[in-house]
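S.K.: The amino acid sequence is not available; the structure is as follows:
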């Protein structure tokens, strides 16, 4: 794990925490799952070219899918 992957992990994890807390308080499943994915996914994938598009999809998912 290099510095850029670690920094992206921290940034995406903070977005994930925000989505997770919002989804838990509102009872919304999509932001909750998206937040969990953003918190866990950066630690499982070390390739930056895979990490960024998948993370962008997870960030956009609560805005695209309204439950």
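M.R.: Okay, I see it. These numbers come from a predicted model, not from an experiment.
S.K.: Please give the element, helix or strand, for the residue nearest the centre of the chain.
M.R.: The chain has residue 38 as the residue nearest its centroid, 2.0 Å off, counting by C-alpha atoms, centre = their mean. Element membership for residue 38 (DSSP states H and E) is helix 29-44.
S.K.: And residue 9, by the same measure?
M.R.: helix 3-26.
S.K.: Helix 29-44 and that helix, what's the angle between them?
M.R.: 160 degrees (axes from the mean of the first three to the mean of the last three C-alpha atoms, to 10 degrees).
S.K.: Now do the same contact list for the nearest residue to residue 4 once chain neighbours are set aside.
M.R.: Nearest non-adjacent residue to residue 4, counting by C-beta to C-beta, 6 or more residues apart in numbering: residue 48, 6.3 Å away. In this view, the C-beta of every residue, glycine as well, is placed from N, C-alpha and C. Residues counted as contacts of residue 48 (C-beta atoms under 8 Å, 6 or more residues apart in numbering) are 4-5, 8.
S.K.: swap in residue 35?
M.R.: 15-23.
S.K.: distance of it from residue 49?
M.R.: For residue 35, the distance to residue 49 (C-beta to C-beta, to the nearest Å) stands at 23 Å.
S.K.: Could you count how many residues lie near the nearest residue to the residue nearest to the centre of the chain once chain neighbours are set aside?
M.R.: Once flanking residues are discounted, residue 38 sits nearest to residue 16: 2.9 Å by C-beta to C-beta, 6+ apart. By other C-beta atoms under 10 Å, the residues close to residue 16 number 24.
S.K.: you'd agree residue 16 is up against residue 43?
M.R.: No: if you go by C-beta atoms under 8 Å, residue 16 and residue 43 don't touch, sitting 10.9 Å apart.
S.K.: about what we covered before: against which helices or strands is the helix holding residue 9 packed?
M.R.: Contact partners of helix 3-26 among helices and strands, from 3 or more C-beta pairs under 8 Å, 6 or more residues apart in numbering; DSSP states H and E: helix 29-44, helix 48-64.
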